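S.K.: Quick one, structure for this:
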Amino acid sequence: MTREVVLATDSAAPSGMGRHMLTLAGALPEGWRARLLLPRHAEGARLVAEARAAGLGAALVAPEGWGHALQGAEVVHVHAGIGWE
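M.R.: Modelled structure (predicted):
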């Protein structure tokens, strides 16, 4: 059985954090898969495209859509954003 971990951030500028999330997602052990959730903006879209190109699940989330996007998640790892990251 494959288990899923959601890596999520609502950061307005997830540059370094986004790289970290991609690294974590790619390093999960066998039996786990990652789904990255990023805010709906240009930087989020770039990271979603990069994640998908690497074979990872990823999606953009509108500000009001976080509750729905996280439904059913078994494990959620939240990455908090800060303005100067």
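
S.K.: C-alpha coordinates for the helix or strand of the chain with the lowest mean pLDDT, CSV please?
M.R.: Every helix and strand of the chain was ranked by mean pLDDT, DSSP states H and E. The lowest is helix 15-26, at a mean of 87. The C-alpha coordinates for helix 15-26 follow below in CSV (Å, rounded to 0.1, in the frame of the first residue of the first chain):
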residue,chain,number,x,y,z
SER,A,15,11.8,30.0,-3.6
GLY,A,16,14.2,28.3,-1.1
MET,A,17,11.4,26.6,0.7
GLY,A,18,10.1,25.3,-2.6
ARG,A,19,13.5,23.8,-3.4
HIS,A,20,13.5,22.2,0.1
MET,A,21,10.0,20.7,-0.5
LEU,A,22,11.1,19.3,-3.9
THR,A,23,14.1,17.7,-2.2
LEU,A,24,12.0,16.1,0.6
ALA,A,25,9.4,14.9,-1.9
GLY,A,26,12.1,13.2,-4.0
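
S.K.: Now do the buried residues in that helix.
M.R.: By neighbour count on 16 or more other C-beta atoms under 10 Å, the buried set for helix 15-26 is 17-18, 21-22, 25. (C-beta placed from N, C-alpha, C; glycine too.)

S.K.: T9: how many residues sit nearby?
M.R.: 24 (other C-beta atoms under 10 Å).

S.K.: Which pLDDT value belongs to it?
M.R.: Here, the pLDDT recorded for T9 equals 88.

S.K.: So the nearest residue to H20 once chain neighbours are set aside versus R3, what's the distance?
M.R.: Of all residues not flanking H20 in the chain, H79 sits nearest, at 7.1 Å (C-beta to C-beta, 6 or more residues apart in numbering). To R3, H79 is 19 Å away according to C-beta to C-beta, to the nearest Å.
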